[in-house]
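> Have a look; sequence and predicted model below, questions after that.
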Amino acid sequence: MKKIKYLLIIVLGISISSCEDYLEKTPASDITDKDAFGNFTSFQGFIELLYNCIVDPDKGGAWNNHLFADENVGPSPYPFDQGNYWNNSGYLFGALNVTSQNSRDKRLWENAWWAIREANLALEKLEVEGLFNGSDEERNLIKGQALFLRAWFYFDICRFWGGMPYVDKLIGPSEDMFTDEYKRLNFRETALRMAADFRAAADILPDHWDNCEPGQATKGNNRDRINKFHCLAYMGKAYLFAASPMINEEATGNNAFDPDLCSKAAQAFGELLTLRDNTNIYTLQPWATWTDIFWRFSYQRPGGTECIMVPIIFDRSRVRWSTTGGMVPSSLGLNSGSSADVATHNFVKNYAMANGLPIDDPESGYNDQDPWTNREPRFYKDILYDGCQIWQSANADQFAQLYNGGRHRNTINPASASGYYYKRYAPMGASFSASMADQLQSYIPYMRLSDVYLMYAEAVNFMTGGGPTAKASNYTMTALDAINMIRTRGQIPELTPKYYADKDVFFEEIVRERAVEMAFEGQRFDDLRRWNRNYDPRYIYKTAVDFDRGPDGKPENVRERVILTRAVDKKHNWLPIMTKYTTQYAGFPQNPGW
């Protein structure tokens, strides 16, 4: 039994050889609890080890695929496309290396469970009488971060593997864990526990650390420190995920949105947006500098004015050898191991026309034989198509040759499998050069303000008494207003009335708007699954655009071709849990179908 209990602790990601053991006196150390947890500075240093566990999705390997839905394709099928969800994709699971400053050493499963355990340790030490000597504000900062990070790492695990036991205390090797307290929960049950932690953290954390006394020592460098906005955003997201059809069906058998949980989500987002309006701490990035959200040159940090949470930067040089190398033509010589990760034609069709209408609207003016003319502005920011300039150098790679037989379609290896590249993190164009690639900084946001507006619209649409023109009781904006905020920033007209005639019609525009605004950010896989659409026939095909280039440079004989059909069904809603964990005790079962 004792051996099983130790194994159980490992299952829950709680390493016996943890920081607490390190803090116990050994022949090589005289560090005491008072040294580590006795004052704000040392305790904050401990908390920042948890920040070190946040994984950058596309830098876990030399480059790794992190987009698991229908938006991208490589020179050969990705494991998830073939139904192989056991594949770790370079960042899902592996070894634990918390103190490493190399993003390639970070793995989601191990890092998250370790961080959850250490968050519980921090909360316990904070309550030891006479141990921590600091102000109430300092105590709240420590406690709020620990509560948020515990819940956030649970969210990061659960969005892939489903509900988990919600461990909110330290577990010793002699504790009886074969109880209901440690059984595996479903996603909804786990999300409600997350939401409670996010709420408690929001109540005691500042709007921004620059605006509190303990934050003055690091003023101007507090961007990554958890604040009230982080907590409210993820509280709303936890509720919205719990309310979504797939997760509601898992909990209740009803494949539809849960209106009560949508109401809770809408309240959380409404509280955040009210705080935003009152403080102006986060604002939508102006369109003229929209790309600052995703990338900047000269080693400047991206994120702009609207990113609430982004990955921790460990090594600025990793961008060229991961993000850039995976998305640009290998013939540019920027990375010999280029993966040629490119946008699919089926996904590109989500981008509207310049008049704001989806391309399948008869009034949109879309011409499938001239598919790149008069598209919305985000299309031209995101998508590189035939004839676009790739970079400055006047050579064979200066302009994209993506037609049948073209250099970037058939000659270089690997070439584009779809007839596109995407530029959200690798800004190919007239200003792009090898020297700029060396200095490029690009990171995938975890949470930004535009996502909050879109989630607010979705929650309000499906909340009790909701709909396109409804609003949360604590905020002035309707669901339609929120969508139009994002469209206006993207330089396209507001939705026409036929697209908000009822909540179901409006939801299809939310689906499309999320695809475009959150493109290539890792949101698509979460969204399609929580909506019970991952295996919907509309989203299982990855397609290419085949065409010849005419004498005038325009495409001719344009046709869509299926590259592959994703091997996906209902069991793929959750990833399989590694067998070494699910075979250790009955309270930790494998996900359905695996």
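Everything's here; your move. Small disclaimer: the values here were computed from a predicted structure and weren't measured. Numbers count the residues shown, from 1 in each chain.
> so what secondary structure elements neighbour the longest helix seen in the chain?
Taking DSSP state H as the criterion, the chain has its longest helix at helix 136-161. Applying 3 or more C-beta pairs under 8 Å, 6 or more residues apart in numbering; DSSP states H and E, one finds that helix 136-161 contacts helix 40-51, helix 108-126, helix 187-202, helix 228-243. Placement of C-beta: from N, CA and C, glycine included.
> Give me the next element, helix or strand, following the host helix or strand of Ala251.
Taking DSSP states H and E as the definition, Ala251 sits inside helix 245-252. Counting by DSSP H and E, the next helix or strand C-terminal to helix 245-252 is helix 259-279.
> start to end distance for stretch 179-195?
Counting by C-alpha to C-alpha, to the nearest Å, you get 23 Å between the two ends of stretch 179-195.
> by how many degrees do the longest helix of the chain and helix 187-202 diverge?
160 degrees (axes from the mean of the first three to the mean of the last three C-alpha atoms, to 10 degrees).
> Helix 136-161: which residues count as buried?
Within helix 136-161, the residues scored as buried using 16 or more other C-beta atoms under 10 Å are 138-161.
> Now do that helix against helix 40-51, angle only.
For helix 136-161 against helix 40-51, the angle by the same axes, to 10 degrees is 10 degrees.
> Could you tell me how far helix 136-161 lies from the centre of the chain?
The chain centroid and the centroid of helix 136-161 are separated by 17 Å under C-alpha atoms, centre = their mean, to the nearest Å.
> And for stretch 394-402?
Centre-to-centre, stretch 394-402 and its host chain are 32 Å apart (C-alpha atoms, centre = their mean).
> avg pLDDT for it?
Stretch 394-402 shows a mean pLDDT of 95 in the predicted model.
> Now do the buried residues in it.
Asp397, Phe399, Ala400, Gln401, Leu402.
> And for stretch 203-220?
Across stretch 203-220, burial judged by 16+ other C-beta under 10 Å covers Ile204, Leu205, Pro206, Asp207, His208, Trp209, Asp210, Cys212, Pro214, Gly215.
> now stretch 218-237
For stretch 218-237, a neighbour-count test (16+ other C-beta under 10 Å) marks 222-237 as buried.
> ok, now stretch 127-135?
Neighbour-count burial for stretch 127-135 flags Leu131, Phe132, Gly134 (criterion: 16+ other C-beta under 10 Å).
> What is the end-to-end distance of it?
End-to-end distance (C-alpha to C-alpha), stretch 127-135: 14 Å.
> show me what contacts the nearest residue to Glu271 once chain neighbours are set aside?
Leaving aside its sequence neighbours, Glu271 sits nearest to Leu232 (C-beta to C-beta, 6 or more residues apart in numbering; 5.5 Å). By C-beta atoms under 8 Å, 6 or more residues apart in numbering, the residues touching Leu232 are Phe198, Ala202, Ala268, Phe269, Glu271, Leu272, Leu275.
> Kindly report the same for Ile226.
Gly144, Gln145, Phe148, Leu149, Ala201, Leu205.
> could you redo the last one with a cut-off of 10 Å?
Residues near Ile226 by C-beta atoms under 10 Å, 6 or more residues apart in numbering: 47, 50-51, 141, 144-149, 152, 201, 205-206, 209, 234, 308-309.
> Please report how far it lies from Arg159.
19 Å (C-beta to C-beta, to the nearest Å).
> now do the same end-to-end measure for stretch 242-259.
End-to-end for stretch 242-259, by C-alpha to C-alpha: 11 Å.
> what's the model's confidence in it, averaged?
pLDDT averaged over stretch 242-259 gives 98.
> just stretch 212-225 next, same as before
95.
> Give me the contacts around that stretch.
With contact meaning C-beta under 10 Å, 6+ apart, stretch 212-225 is reached by 40-41, 44, 47-48, 51, 54, 134-135, 137-138, 140-142, 145, 205-206, 208-211, 227, 230, 301, 303, 307-313.
> do that again at 6 Å, thanks
Glu138, Leu141, Pro206, Trp209, Asp210 (C-beta atoms under 6 Å, 6 or more residues apart in numbering).
> Mind picking the two most distant members of the buried residues of stretch 203-220?
Pairwise distances across the buried residues of stretch 203-220 (C-beta to C-beta) peak at 17.2 Å, for the pair Ile204 and Asp210.
> Give me the neighbour count for the nearest residue to Phe257 once chain neighbours are set aside.
Counting by C-beta to C-beta, 6+ apart, Phe257 lies nearest to Phe462, which is 3.8 Å off, once chain neighbours are set aside. Phe462 sits with 29 neighbouring residues when counted by other C-beta atoms under 10 Å.
> My read is that Phe462 contacts Cys262, right?
Yes. If you go by C-beta atoms under 6 Å, Phe462 and Cys262 touch, sitting 4.5 Å apart.
> would you list every one of the helices in the stretch 401-550 of the chain?
Here the stretch 401-550 of the chain has its helices, by DSSP state H, counting those that start in this stretch, at 434-439, 449-462, 479-489, 503-517, 523-530.
> Need the winner for burial among the ones you listed.
helix 449-462 (a mean of 27; mean count of other C-beta atoms under 10 Å).
> Check which helices and strands that helix sits against.
helix 228-243, helix 259-279, helix 479-489, helix 503-517 (3 or more C-beta pairs under 6 Å, 6 or more residues apart in numbering; DSSP states H and E).
> I'd like to check the angle between it and helix 523-530, please.
Using the same axes, to 10 degrees: helix 449-462 against helix 523-530 is 20 degrees.
> hmm, who's touching helix 449-462?
Applying C-beta under 6 Å, 6+ apart, the set of residues contacting helix 449-462 is 233, 240, 257, 262, 265-266, 269, 282, 284, 306, 466, 470, 472, 479, 482-483, 485-486, 503, 506, 510, 514, 517.
> before we move on, what about stretch 90-102?
Asn52, Val55, Gly60, Gly61, Asn64, Asp105, Arg107, Leu108, Trp109, Glu110, Trp114, Phe314.
> Please apply the same query to stretch 519-537.
57, 66, 68-69, 71, 159, 241, 244-246, 255, 382, 422, 424, 444, 514, 539, 568-569, 573.
> can you check stretch 376-387 too?
Outside stretch 376-387, the residues touching it (C-beta under 6 Å, 6+ apart) are 348, 351-352, 354, 372, 400, 402-403, 420-424, 428, 490-492, 516, 519, 553.
> Buried ones among those residues?
Here, 16+ other C-beta under 10 Å leaves 348, 351-352, 354, 372, 400, 402-403, 420-424, 428, 490, 492, 516, 519 buried among these.
> Strands - which of these land there?
Under the assignment DSSP state E, the buried ones among the contacts of stretch 376-387 contribute Tyr421, Tyr422 to strands.
> Name the residues of the lengthiest strand in the chain that come out as buried.
Secondary structure assigned by DSSP E gives strand 555-565 as the longest strand of the chain. Residues of strand 555-565 classed as buried by neighbour count (16+ other C-beta under 10 Å): Pro555, Val558, Glu560, Ile563, Leu564.
> so who does the second one touch?
Val558 makes contact with Gln369, Phe547, according to C-beta under 6 Å, 6+ apart.
> which intervals of the protein have sub-threshold pLDDT?
1-29, 335-338 (pLDDT under 70).
> can you tell me how far the closest residue to Asn474 other than its chain neighbours sits from Met455?
Spatial nearest neighbour of Asn474, chain neighbours left out: Gly270 (4.2 Å); criterion: C-beta to C-beta, 6+ apart. Distance, Gly270 to Met455, using C-beta to C-beta: 11 Å.
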